[in-house]
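Peer 1: Build me a model from this:
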Amino acid sequence: MITNTKDAEEVMEKIAEEGILYVDFRFTDLIGRWCHISYSAACISVDMLQQGIYFDSSSIQGWEGVEKSDMILLPDCTTTMTDTFSAQSSLIIICDVINPLDGKLYCKSPRSIIKKAQQYLASSGIADVFYTGTEPEFFVFDDITFRLGKGKANYEISSDELSGVRSETKGESFFPYLPKRDRAYFLPCPADSLFDLRSEIASSLADMGVKVEKHHHEVARCQHEIVPVFESFVNQADTLQILKYVVCSVACSYNKVATFMPKPLATENGSGLHINCSLWKNGKSLFAGNAYGGLSDIAMYFIGGILKHARAVNAFTNPTMNSYKRLIKGFEAPVLLAYSARNRSVACRIPLAANAGQKRVEVRFPDSSSNPYLAFSALLMAGLDGIENKVTPPAPIEGNLFDMDKEKVKEIPALCSSLSEALSELDKDRAFLTKGGVFEDDMITSYIELKRQETEEYNRAINPIDFKMYF
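Peer 2: Residues are numbered from 1 along each chain as shown. Below is the predicted model of the structure:
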């Protein structure tokens, strides 16, 4: 694989015109973290951008050992953006990871997987574009400290919105516009105390080429949402990585801390990542039709595939132990595998749409800790499996599942209740993912092993709740 010459030449022109000093090559690991290597711009050439750079992959969790560590970072020069946060002028380029032995996309690189998912979609003949619109939620606190060690385990979160007290240089002052629990949604200023911070995030994203549709305060105290415009799922995954970087960087500049951890506050709603999905072919949506909720048969089969494989997909869309502290009753997160029009208590919602082009399915159980490349790919493969096998979903459920009678609830299949359960489901239900070589068995096995290590470390820890309940 070689980067297009024209794209590489345009990058070199940008470096010269803007006086760029450093080029930052970025890639994503299995967990979903953005990693980077910075090169002096004086060392960059068209040949380097076209052929890629060798790097040591052995320190990336779940990838290769030291005996097979050499990999190639191949810049995707269409993703070039100026880093608005670096003191020295820097250019960010998102990269693919290439296996130097065969020149193909490395099977354990998340961006490789989403690109292979795009290739599989095109080869299926079903559609040529998978569009996703995401609603990433996150928390912003004034400060957080935590300790975990021999004989100690504690954490403390501080925020004006939680305490009602605004710290000043001399003493403290009362903050009268305190949002109430579960009543912070859409609050205006001054109760929405971080409006300016979110606006700066949106402006910084625009400076880096990301279009933002809207932003607002979320339901929980200290919780926020910034919504980028919908894009093809490969571009949307790149966008989410940029968004997480910008959110944390802007928060830091305000002397605050941001987190995409799904459930940092036990008494508040958690942070989800609602994913709006639609398949298109030849410039037209395949999801508009005359079936339930104004959807097409293809869209209904897509829902059928999502519900069928949701418990395996959980391992990618809800990939942390903390994820399952959000997926509990009473905090507006879906826990049951049902679908319905307009209904926000179900796993798959069919939003109202002004026209056929806006017809979509909103998958509501993913959360913001997920690796977007893996989460989007898994959802697409599940949906395509539903279409290929004409998986008809059960009847929709119109009522509010949060208030439904317990006996009726027992009849509805549920999402996984723990990461360990999700990993077991993924292990036994992986055939839909490996179609077309999109997810390879070796990658899935490595991912499961990596996540099992997380569950073991988590289960070994002693937490304050242990003393409250059992001392």
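Peer 1: Listing request: residues of the chain with sub-threshold pLDDT.
Peer 2: For the chain, the stretches flagged by pLDDT under 70 are 1-5, 164-186, 401-403.
Peer 1: can you list the domains in it?
Peer 2: Here the domain parsing of the chain from automatic domain parsing is 5-105, 129-470.
Peer 1: Correct me if wrong: Ser158 contacts Asp143.
Peer 2: Yes. Counting by Cβ atoms under 8 Å, Ser158 does reach Asp143; the two are 4.7 Å apart. C-beta here means a position set from N, CA and C on the backbone, and glycine is covered the same way.
Peer 1: For the longest strand along the chain, enumerate the helices and strands it packs against.
Peer 2: Longest strand of the chain, by residue count under DSSP state E: strand 129-141. Applying 3 or more Cβ pairs under 8 Å, 6 or more residues apart in numbering; DSSP states H and E, one finds that strand 129-141 contacts helix 110-124, strand 223-228, strand 231-232, helix 233-253, strand 257-259, strand 273-281, helix 372-388.
Peer 1: now for the last one, which elements pack on it?
Peer 2: Contact analysis of helix 372-388 by 3+ Cβ pairs under 8 Å, 6+ apart lists helix 110-124, strand 129-141, helix 233-253, strand 273-281, helix 297-317, helix 431-434 as its packing neighbours.
Peer 1: any idea which of these is most buried?
Peer 2: A comparison of the helices and strands packed on helix 372-388 by mean neighbour count, using mean count of other Cβ atoms under 10 Å, puts helix 297-317 on top with a mean of 25.
Peer 1: next helix or strand past that helix?
Peer 2: The helix or strand immediately downstream of helix 297-317 is helix 323-326, counting by DSSP states H and E.
Peer 1: Pull the residues that contact that following helix.
Peer 2: 262-263, 266, 269-272, 318, 333, 367, 369, 416-419 (Cβ atoms under 8 Å, 6 or more residues apart in numbering).
Peer 1: repeat for stretch 421-434
Peer 2: Stretch 421-434 is contacted from outside by 305, 309, 311-312, 314-316, 318, 378, 381-382, 384-385, 416, 439-441, 444, 447-448, 451-452, 455, using Cβ under 8 Å, 6+ apart.
Peer 1: Does Glu332 fall in a helix, a strand, or a coil region?
Peer 2: Following DSSP: H, G, I helix; E, B strand; the rest coil, Glu332 is assigned to coil.
Peer 1: who's in contact with it?
Peer 2: Contacts of Glu332 (Cβ under 8 Å, 6+ apart): Val219, Asn269, Arg344, Ser345, Phe402.
Peer 1: In this structure Val66 contacts Ile60, no?
Peer 2: No. Applying Cβ under 8 Å, one finds Val66 not in contact with Ile60, separated by 11.8 Å.
Peer 1: Of the two, give the one with the bigger neighbour count.
Peer 2: Comparing Val66 with Ile60 by other Cβ atoms under 10 Å, the one with more neighbours is Ile60, at 21 against 9.
Peer 1: Distance of that one relative to Thr28?
Peer 2: Noted for Ile60: a distance of 10 Å to Thr28, by Cβ to Cβ, to the nearest Å.
Peer 1: Mutual contacts of these two, please.
Peer 2: In contact with both Ile60 and Thr28: Cys35, using Cβ under 8 Å, 6+ apart.
Peer 1: ok, back up a step: out of the contacts of helix 323-326, flag the one nearest to Ile226.
Peer 2: Ser271 (11.8 Å; Cβ to Cβ).
Peer 1: Would you quantify the distance from that closest one to Phe141?
Peer 2: Applying Cβ to Cβ to Ser271 and Phe141 gives a distance of 13 Å.
Peer 1: Check Met71 too.
Peer 2: Met71 is 37 Å from Phe141, by Cβ to Cβ.
Peer 1: The longest strand of the chain relative to helix 233-253, how many degrees between them?
Peer 2: 10 degrees (axes from the mean of the first three to the mean of the last three Cα atoms, to 10 degrees).
Peer 1: Report the next helix or strand after strand 129-141 in sequence order.
Peer 2: strand 143-149.
Peer 1: Check what contacts that following strand and list those residues.
Peer 2: With Cβ under 8 Å, 6+ apart, strand 143-149 has contacts from Ala153, Asn154, Tyr155, Glu156, Ile157, Ser158, Lys256, Val257, Thr259, Pro264, Ala461.
Peer 1: Could you spell out the sheet neighbours of it, each with its direction?
Peer 2: Note on strand 143-149: by DSSP bridges, its sheet partners are strand 152-158 (antiparallel).
Peer 1: Report the buried residues of the partner strand.
Peer 2: Under the neighbour-count criterion of 16 or more other Cβ atoms under 10 Å, strand 152-158 has Ala153, Ile157 buried.
Peer 1: my read: Ala288 touches Lys359, true?
Peer 2: Yes. With contacts counted by Cβ under 8 Å, Ala288 reaches Lys359, the gap being 4.1 Å.
Peer 1: still on that earlier bit, identify the farthest-apart pair in the contacts of strand 143-149.
Peer 2: Using Cβ to Cβ, the two most remote members of those are Lys256 and Ala461, lying 26.8 Å apart.
Peer 1: Tell me which of those two has more neighbours.
Peer 2: Set Lys256 next to Ala461 and count neighbours by other Cβ under 10 Å: Lys256 wins out with 18 against 9.
Peer 1: quick one, what contacts the more buried one?
Peer 2: Val140, Phe141, Asp142, Asp143, Leu194, Leu197.
Peer 1: Reformat the residues you listed into TSV and put distance to Met208 next to each item.
Peer 2: Output for the contacts of Lys256, formatted as TSV (distance: Cβ to Cβ, whole Å):
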residue	distance to Met208
Val140	19
Phe141	24
Asp142	26
Asp143	27
Leu194	20
Leu197	17
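Peer 1: so can I have TSV of the contacts of Glu332 showing distance to Glu425?
Peer 2: Below are these laid out as TSV (distance: Cβ to Cβ, whole Å):
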residue	distance to Glu425
Val219	29
Asn269	25
Arg344	25
Ser345	22
Phe402	24
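Peer 1: who does Thr82 bridge with?
Peer 2: Leu91.
Peer 1: actually Pro228, not the one I wrote
Peer 2: Applying DSSP bridges, one finds that Pro228 bridges with Val212.
Peer 1: got the contact list for it?
Peer 2: Gly133, Thr134, Leu205, Val210, Lys211, Val212, Glu213, Gln236, Thr239, Leu240, Leu243.
Peer 1: and the closest residue to Arg342 other than its chain neighbours, helix, strand or coil?
Peer 2: Among residues not flanking Arg342 along the chain, Leu352 sits closest, at 6.3 Å (Cβ to Cβ, 6 or more residues apart in numbering). Here Leu352 is recorded as coil under three-state DSSP.
Peer 1: Leu352: neighbouring residues, count only.
Peer 2: 10.
Peer 1: and the gap between it and Asn343?
Peer 2: 11 Å.
Peer 1: same check, this time on Arg26
Peer 2: Taking Cβ to Cβ, one finds Arg26 at 39 Å from Asn343.
Peer 1: who's more crowded, those two?
Peer 2: Arg26 (23 against 19).
Peer 1: That one touches Cys95, doesn't it?
Peer 2: Yes. Here Arg26 reaches Cys95: they are 6.4 Å apart, a contact under Cβ under 8 Å.
Peer 1: count of neighbours near the residue lying closest to Ala353 once chain neighbours are set aside?
Peer 2: Using Cβ to Cβ, 6+ apart and skipping residues adjacent in sequence, the residue nearest Ala353 is Lys359, 4.9 Å away. For Lys359, the neighbour count with other Cβ under 10 Å is 22.
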